[in-house]
Structures are given as C-alpha cells and as structure tokens.
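Participant: Fold the following and give me the result.
(chains A and B)
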Protein chains: 2
Amino acid sequence: MADKKIEFSHHISRQFDQELEEVRTNVLKMGGLVEQQLDLAMKALTQGDSDLGEQVARDDYKVNSLEVAIDEECSRILAKRSPTASDLRFVVTVIKTITDLERIGDEAEKIGYLAAGLAMAKQPKNRYREIRNLGSHVKQMVHSSLNAFARLDADEAFEVAKRDVEVDEHYESILRQLITFMMEDPRTIRPLLSVMWVARALERIGDHAKNICEYVIYLAHGKDVRHIGMQSHASLAEVERKLDELD
Amino acid sequence: MADKKIEFSHHISRQFDQELEEVRTNVLKMGGLVEQQLDLAMKALTQGDSDLGEQVARDDYKVNSLEVAIDEECSRILAKRSPTASDLRFVVTVIKTITDLERIGDEAEKIGYLAAGLAMAKQPKNRYREIRNLGSHVKQMVHSSLNAFARLDADEAFEVAKRDVEVDEHYESILRQLITFMMEDPRTIRPLLSVMWVARALERIGDHAKNICEYVIYLAHGKDVRHIGMQSHASLAEVERKLDELD
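Facilitator: Next up is the predicted model:
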C-alpha cells in the first residue's frame, strides 16, 4: 500500500485550524486517560489490590466527562464551521473514536470491579500469567491505535487492526484453560468466572482498538473498510486488495 | 416532564426534507432487520434449530451493509447541506444510533452461533425459560427504543431507558442460577457457559437500546444525558430533575 498519511488542508481561518488541533489533542488526552485506567485495572488484578480496583472503577467518570466535552465541541464545529471533505471526515471520525474510547473505559471499570472482588478470593498469582500477557497485548494495541490516530497513519492502523485476530485466539485459549480448571475443581467456578469476565473485557478492548483503526483507515481512504472482513487471517489479503483498489 | 416531541423546521429545500426523511426511514428499516435477527436467533435457541442459528449468523452482513449505506448518506448530507440546530443534532444522532443497531446485530449473530452449538448439546428445554423471558424483555426494549426514535419522543425514550435496570437485575439472577447448576454438576459447565454467553449478549442488547434512548433524549433536549446516572433506581429522580432543569 502507498503511504496513507494525510494532511489537513490549510484553512484561511487560523481559528478553525486551532479548533481542529484542540479536538485532536483532547482525543489523545482522553486516550491517555483510558490507557492509564486499563494499566491500573490490570495492576489491581495482578497485585490483588482491591482499593486500587475500586479507585479505577470510581474514576471512570473522568473518561465520561471528556467524552461529553469532546462530543459537544464536535457538534459545535459542525454547526459553526460546516466543514467539508477531509475536515468533515476528521470530525465524524472523532465522534466515533471517542465512543470506542469511552467503551474501553467502561471495560477498564469492569476489570477494576472484578479485580477488587478477586483480591478477596486469594487466587494464586501464577494463574494470571496468561491474563497478564493478554492484557499487555491489548494495551499495546490501544496505544498503537492512538498513535495511528495521532498521525492519521492508515498503514499503522492496518497493522494494528490485524493484531486483533491474535488477541481473539489468545482469548479463546485462555477460555479453554479456565473451563478445564473449573471442571477439575467445581469450587473454583465462581472466582474463575470473574477471571473469565476479565479476559472477556480485554478481548472487547481489542475490538474497540480495532474499530478506532478502521476509522483511521476510513479517514485516510475516504471509504469505509468496516465489514469487508478484517476478522480472519484468510481474508486479510482480500482486504489489502480492496484497499489497493480504493486508491 | 413537558412534552418533548420535537418537529423539524420546515426547509426551503423540499429535497433536503426528503433526504432527512429517507435517512429516518432507513434507520427504521435497519432497526426492523435487527429486531428480526434477534427474534430468529432466540427462536433458533429455544427450538434447538442449528440451521436457523447459522442462518442468522450468516445474515449479519445485511445489517452491516445498511449501516455503511446510512453512514455514507449522513456524511453526504453533512457535507452538502451543512445542517444546523435540530437537523444537525438529528444527523449526529443517526450516526450514533446506527452504531448501536449494528452492535445489536453483532450480538444477535453471536446468539445465532451459540444456538447452533447448543442445538447439538441437547439441553433440556425448560432451562431456557428464564433466558426466553429475558429475551422477550430485551426485544421489547429494542422495539420501544426504535418507536421513541421514530417519533423523536423523549418521554418514551426515558421510560425505555429506565427498564435497562430490570434487564440487568434479571441477567444477574440468571447468572447466579447458572453458577449453581454448574457447581452441582461440573459436566454441564461447557454448555451452560454457552447459555451464559447468550444471557450476556441479551444484557448487552439492553445496553445498546438504552444508548439509543439516550441519544433521542439528547436530540429532544439538546443536552447530553449520558453518564449523569441512568444506572440505578436511586438516581432516576436525579436524572428527571436534571432533565427538567435543562428545559
């Protein structure tokens, strides 16, 4: 694929440039907060720190406030500036991106609650090794998707979106392992279900990171690449072919 | 609360009126398709019909195509008409609503797959009674949220959004019941986990219906009511008070 970094047209109104730049900065600020929430939620889980888990859950309102503020700013820009072409696509991309960031925040909140509950249950630490690995993988995806957004880099976005397949496979494998543990010792069902919900939340965060990447690709190409099959390895060549056709 | 039905300003351009009306019709068409998918997925589950379950999963692409088409139409309207005030809020509401409808479609697809798997497992029919009830409840919520959207009726939207609390409670009770079954007989863990994922999917569909209602309230009031606490019975009076203050 050719280089897909795009640049904003230079506006006659410097004020408008500044407004768009501010929106971009705020999305990255919201992204940073969401990354931090995810980081702390995983720390609460692996260190068995119930206070920290509850703190993460309580702090979700900060993510929500940022979403509402950015959303209102976007509506204001649409109404006042009537942006067209790549500026319009950028604003629509932001409206969608912050929805996914907010949902990543919700999943981090859930992990926080689950971690607080699990801290009481005295689970052996090593059982979280796989969850920790999945967590690192997903955190990396979120970080890279925000990088792709920051630089409007469709190539990077495409590489990140592809990694969601590995996250899904990793999640499935953890699921199978947990089911085996449960069947071996039914007394572990309850706590292990909490571990399963954590794995599920991480898997969903991977989906949201992939969504953000797809918006970035849409922004760069001006075409919607969702739903044309980013799901399986088999169809990746197909997606790449379709993206090339779009150029 | 005062009557919150709003009407579109009459446009000098009849063409523009028609475009907005067409978007509205297409959203309702997409909603109808999503309702049908959910209906068939639940039928596949309760009748143990694996072919029907797989059919539902395969048909999800129809929901996705409609989402992409409506999304592109909205972007076109934003670029060409530069709508303001209530028209602009309507278009932004549509962009958000179809995202949630698409995710309801994804959950129906998941239920379809799970139903196909469970059809092989020969589960006793009566075990799905509670799931069926939850399914009916959630289907009703989706239907009413689309009605509220169709008539831009914030009062109905508010009533529907409140019902999500009951769905969450129902879901939690099913979860507890399933855990008890699993602990009684660990051989049932694997199939009962599938039943649990179905319940989880239904609970998430309730969330999406609530999201749609919140967009309708936003559209009518011009203010964002998300994140000001629609979660618990305790805070409903608070939300009602805040909504009244917004008038």
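
Participant: wait, what's in contact with A:Leu88?
Facilitator: Shown in contact with A:Leu88 (Cβ atoms under 8 Å, 6 or more residues apart in numbering or on different chains): A:78, B:75, B:78-79. For every residue, glycine as well, the C-beta is placed using N, CA and C.

Participant: Which member of those residues is positioned nearest A:Arg187?
Facilitator: B:Ser75 (54.4 Å; Cβ to Cβ).

Participant: give me every residue that touches that closest one.
Facilitator: Per Cβ under 8 Å, 6+ apart, neighbours of B:Ser75: A:88-89, A:92.

Participant: Next up, identify which helix or strand the spatially most central residue of chain A is on.
Facilitator: With distances taken as Cα atoms, centre = their mean, the residue of chain A nearest its centroid is A:Ala209 (3.1 Å). For A:Ala209, the host element (DSSP states H and E) is helix A:189-221.

Participant: Okay, angle between that helix and helix B:189-221 too, please.
Facilitator: Angle, helix A:189-221 to helix B:189-221, by axes from the mean of the first three to the mean of the last three Cα atoms, to 10 degrees: 50 degrees.

Participant: Which positions in helix A:189-221 come out as buried?
Facilitator: Neighbour-count burial for helix A:189-221, counted by 16 or more other Cβ atoms under 10 Å in any protein chain shown, picks out A:189, A:191-221.

Participant: can you check stretch A:179-190 too?
Facilitator: Quick answer for stretch A:179-190 (16+ other Cβ under 10 Å): A:179, A:182-183, A:188-189.

Participant: now stretch A:85-103
Facilitator: Buried, per 16+ other Cβ under 10 Å, within stretch A:85-103: A:86-103.

Participant: residues contacting A:Gln49?
Facilitator: Quick fix: residue A:49 is Asp, not Gln. Counted by Cβ under 8 Å, 6+ apart, A:Asp49 has contacts A:43, A:115, A:119.

Participant: How about the first one, nearest residue that isn't a chain neighbour?
Facilitator: Leaving out its chain neighbours, the residue that sits closest to A:Lys43 by Cβ to Cβ, 6 or more residues apart in numbering or on different chains is A:Leu52, at 6.4 Å.

Participant: For the one you found, pull up the helix or strand it's in.
Facilitator: Here A:Leu52 is assigned to helix A:50-58, by DSSP H and E.

Participant: State the next helix or strand along the chain beyond the longest helix along chain A.
Facilitator: Taking DSSP state H as the criterion, chain A has its longest helix at helix A:85-120. Later in the chain than helix A:85-120, the nearest helix or strand by DSSP H and E is helix A:129-150.

Participant: buried ones in that following helix?
Facilitator: For helix A:129-150, by 16+ other Cβ under 10 Å, it's A:130-131, A:134-135, A:137-139, A:141-149.

Participant: List just the nearest of these to A:Glu166.
Facilitator: Nearest member of these to A:Glu166, counting by Cβ to Cβ, is A:His137, at 7.0 Å.

Participant: Identify the residue nearest that closest one in space, chain neighbours excluded?
Facilitator: Closest to A:His137 by Cβ to Cβ, 6+ apart is A:Val167, at 5.8 Å.

Participant: and chain A, which of its residues are near chain B?
Facilitator: Counting by Cβ under 8 Å from any Cβ of the partner chain, the residues of chain A close to chain B are A:61, A:64-65, A:67-68, A:71-72, A:75, A:78-79, A:82, A:84-85, A:88-89, A:92, A:95-96, A:99, A:179, A:182-183, A:186-187, A:189-190, A:193, A:224, A:226-227.
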